[in-house]
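Participant: sequence first, then the predicted structure:
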Amino acid sequence: MSIKNAFFVVLFYEKQANKILDSTKTQIPRITLKLKPSSLQQYCYKHLIVSILMLIILPLYSAAQLNTSYTPIEAKGTIPERFFQGMKGTTEIKIIVEDERIRKKQSKDFKTTTRFTLQEIFLSGSIYYNDPCTQYVRQVANQLLQHLPESPDISVFVSRFVTSNAAVWQDGTLILNIGLLAQLENEAQLAFVLAHEIGHHQSGHPFRQYVRTQKLSNIQKRALDNLKANVAYTKKSEEEADAFALDLLAKAGYDTEAVSQTLDLLVHGRHDSPENLLARLSPTVVVCNEMERQTLFNTGENTKSHFTPTMIRQRQEQLSGSLSGQSFLVSEEDFVHINNIARFELIENAYREADYVLSLLHALLLQEFYPANTYLTDKIAENLFQLYLYEQRGQLKSLLNLNLENDIRLKGYHQISCSLRKMDEPALRQLTENYLQQQYQVHQESSGTIAIIMAKYMELVYGQKKARPYFENYLEHFKGGKHYWYAKNRFE
Ligand SMILES: [Zn+2]
């Protein structure tokens, strides 16, 4: 059962619950007026049924489903009105700047550019909606917001961007990247990231940064830069946001240990592995040694970091001892489920962004937990094929350099990237062919992706004649498949 189906099941049960309630509503007055439930009771009853059903259905379906396959989240349902507004239309932006003349002159320009950049992001198709990730992240944000004296107008969204980052705008729009959600280990860490961004918002940092840099074009670029790379505010602003986050976490009852854990994650990454993962696929893989890897990539401390490790450790020591918080306040089960979905989404989005190294790395890492998941075997095949295709065209090195701008700081990422640079065309061809042959033996009649990639690979390397039986295999077993007309057109 896919995610989509599970939600339909929940909707179905909600409809059933409504039907039951509708029928009781018409019958009750005939018995006695005293028994007629109040609308509040009805409301609670209805939602209790739905909540219980969701608690039973969701975990059962999700654990079983991820073992065998995964269906990426697609845009579905009504697009929220917010997406067309750019900046929230009526919201008065709280701006704290000492000089009144600067405030008047620049706040108008600032609002215009904020509106423009947000509109651009929302209409780019990079923001999830009607999805389980956003729903969960908002619940965690609410745990924090209720502890602020004047609950600020913060709207939380999750983006498809793969870098470990989040950003906030002065109108209260807070966007968390799926790449960051996939890296986190518990709810308290997620709460810290959200609290840090709320801190920037509360201190008016987006506008201050604007006033400081005074560059309209920079700010326009910043919207995407900040989400895609590690562009930070000034050190002072980051310290302010971290201090704010630490206090808010303590107030909400979250474990403040999560703060330094998160900072470590952002530097080293969680899902990392010391072994060379590519070597798992084929013995012919060229492995880089530590020296080669370090020469290629600057693995030192990130100077542009959005967070301030040293300062936070000092403050944390002052706080700890007096407080002991929780790692989960909303739900551990929901976190684990959402975190898994985020990891699958990261693989999908990295592939769509043509960062095949990142997509491949996470597919290989996740395969340790879901060895029988066919989405993962398919995605590994697709990534290897794309990498080989670039190599064959002589463009692999430029692609790898381009993707370094994503600032992925995982050792495993550097290892794969380094191996690919060292391998020549025959070596990469052998790696790709080994994997495709293995998978084709098992999945030629069950996976349309494996079947079509194998056909395309054979055509690319050995020509149309040799590829023909592979295209025929696809046409025979995947009538109505995604690549049916492509495969059919190869011979007409
Ligand atoms: Zn920050």
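Facilitator: Okay, I see it.
Participant: for the one helix or strand residue 106 maps to, buried residues please.
Facilitator: If you go by DSSP states H and E, residue 106 is part of helix 100-123. By neighbour count on 16 or more other C-beta atoms under 10 Å, the buried set for helix 100-123 is 103, 106-107, 110-111, 113-115, 117-119, 121-122. C-beta: built from backbone N, CA, C; applies to glycine.
Participant: who does it touch, helix- and strand-wise?
Facilitator: The contact analysis (3 or more C-beta pairs under 8 Å, 6 or more residues apart in numbering; DSSP states H and E) places helix 100-123 against helix 82-85, helix 205-213, helix 216-228.
Participant: give me that answer again for 6 Å
Facilitator: When contacts are defined as 3 or more C-beta pairs under 6 Å, 6 or more residues apart in numbering; DSSP states H and E, helix 100-123 packs onto helix 205-213, helix 216-228.
Participant: in a markdown table, list the buried residues of helix 100-123 along with distance to the ion and pLDDT.
Facilitator: What follows is the buried residues of helix 100-123, written out as a markdown table (distance: C-beta to the ion, whole Å; pLDDT from 0 to 100):
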| residue | distance to the ion | pLDDT |
| --- | --- | --- |
| 103 | 23 | 66 |
| 106 | 22 | 72 |
| 107 | 22 | 74 |
| 110 | 19 | 77 |
| 111 | 22 | 79 |
| 113 | 20 | 76 |
| 114 | 17 | 79 |
| 115 | 22 | 82 |
| 117 | 17 | 81 |
| 118 | 18 | 86 |
| 119 | 23 | 86 |
| 121 | 18 | 88 |
| 122 | 22 | 90 |
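Participant: turn those into CSV, columns for distance to residue 73.
Facilitator: Below are the buried residues of helix 100-123 laid out as CSV (distance: C-beta to C-beta, whole Å):
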residue, distance to residue 73
103, 41
106, 39
107, 37
110, 33
111, 32
113, 30
114, 27
115, 27
117, 24
118, 22
119, 22
121, 18
122, 17
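Participant: return the member of these nearest to residue 79.
Facilitator: residue 122 (9.1 Å; C-beta to C-beta).
Participant: rewinding a little: mean pLDDT lowest where, among the helices and strands packed on helix 100-123?
Facilitator: Looking at the helices and strands packed on helix 100-123, the lowest mean pLDDT belongs to helix 216-228 (a mean of 49).
Participant: what's the next helix or strand after that one packed up against?
Facilitator: Remark: after helix 216-228, the chain's next helix or strand is helix 235-252, criterion DSSP H and E. Counting contacts by 3+ C-beta pairs under 6 Å, 6+ apart, helix 235-252 is packed against helix 132-145, helix 187-202, helix 309-319.
Participant: so which of those helices is the most packed in?
Facilitator: Stretch with highest mean neighbour count among the helices and strands packed on helix 235-252: helix 187-202 (a mean of 26; mean count of other C-beta atoms under 10 Å).
Participant: how far off helix 235-252 does it point, in degrees?
Facilitator: Helix 187-202 runs at 130 degrees relative to helix 235-252, counting by axes from the mean of the first three to the mean of the last three C-alpha atoms, to 10 degrees.
Participant: what about helix 187-202, distance to the chain center?
Facilitator: 16 Å (C-alpha atoms, centre = their mean, to the nearest Å).
Participant: using PDB, write out every CA atom in stretch 400-416.
Facilitator: Only the C-alpha atoms of stretch 400-416 are listed here, as PDB (Å, rounded to 0.1, in the frame of the first residue of the first chain):
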ATOM      1  CA  LEU A 400      31.000  16.500  -9.800                       C
ATOM      2  CA  ASN A 401      32.500  20.000  -9.400                       C
ATOM      3  CA  LEU A 402      29.200  21.600  -9.900                       C
ATOM      4  CA  ASN A 403      27.600  19.500  -7.200                       C
ATOM      5  CA  LEU A 404      30.300  20.500  -4.700                       C
ATOM      6  CA  GLU A 405      28.400  23.800  -4.400                       C
ATOM      7  CA  ASN A 406      25.800  21.900  -2.500                       C
ATOM      8  CA  ASP A 407      28.400  21.900   0.300                       C
ATOM      9  CA  ILE A 408      27.700  18.300   1.300                       C
ATOM     10  CA  ARG A 409      30.200  17.600   4.100                       C
ATOM     11  CA  LEU A 410      29.700  13.900   4.400                       C
ATOM     12  CA  LYS A 411      32.900  11.700   4.300                       C
ATOM     13  CA  GLY A 412      31.000   9.000   2.400                       C
ATOM     14  CA  TYR A 413      30.000  11.700  -0.200                       C
ATOM     15  CA  HIS A 414      33.700  12.700  -0.600                       C
ATOM     16  CA  GLN A 415      34.700   9.000  -0.900                       C
ATOM     17  CA  ILE A 416      32.300   8.300  -3.700                       C
END
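Participant: now it: mean pLDDT?
Facilitator: Here stretch 400-416 scores 81 as its mean pLDDT.
Participant: geometrically speaking, which residue is the centre of this protein?
Facilitator: With distances taken as C-alpha atoms, centre = their mean, residue 178 lies nearest the centre of the chain, 1.3 Å away.
Participant: hmm, that one is touching residue 342, no?
Facilitator: Yes - with contact defined as C-beta atoms under 6 Å, residue 178 and residue 342 form a contacting pair (5.4 Å).
Participant: what backbone torsions are found at residue 69?
Facilitator: phi -160, psi 180 (degrees, to the nearest 10).
Participant: I'd guessed it sits against residue 375; true?
Facilitator: Yes - here residue 69 reaches residue 375: they are 5.1 Å apart, a contact under C-beta under 6 Å.
Participant: those two: which is more packed in?
Facilitator: residue 375 (21 against 18; other C-beta atoms under 10 Å).
Participant: can you tell me the SS state at the closest residue to the more buried one other than its chain neighbours?
Facilitator: Leaving aside its sequence neighbours, residue 375 sits nearest to residue 70 (C-beta to C-beta, 6 or more residues apart in numbering; 3.9 Å). Under DSSP: H, G, I helix; E, B strand; the rest coil, the three-state class of residue 70 is coil.
Participant: I'd like the distance between residue 70 and residue 269.
Facilitator: 21 Å (C-beta to C-beta, to the nearest Å).
Participant: who's more crowded, these two?
Facilitator: Neighbour count, other C-beta under 10 Å: between residue 70 and residue 269, residue 70 has more, with 25 against 17.
Participant: could you list the low-pLDDT ranges of the stretch 151-300 of the chain?
Facilitator: 210-232, 267, 271-274, 298-300 (pLDDT under 70).
Participant: kindly report the residues of it close to the ion.
Facilitator: 238, 241 (C-beta under 5 Å from the ion).
Participant: go again using 8 Å as the cut-off
Facilitator: 196-197, 199-200, 205, 232-233, 237-238, 241-242 (C-beta under 8 Å from the ion).
Participant: now these as CSV including distance to residue 156?
Facilitator: CSV is the format used below for these (distance: C-beta to C-beta, whole Å):
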residue, distance to residue 156
196, 13
197, 9
199, 14
200, 14
205, 17
232, 20
233, 20
237, 21
238, 20
241, 16
242, 19
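Participant: now do the contacts for the residue of the stretch 1-150 of the chain found nearest the ion.
Facilitator: Nearest residue of the stretch 1-150 of the chain to the ion: residue 144, at 15.6 Å (C-beta to the ion). Residue 144 makes contacts with 191, 195, 248, 252, as judged by C-beta atoms under 6 Å, 6 or more residues apart in numbering.
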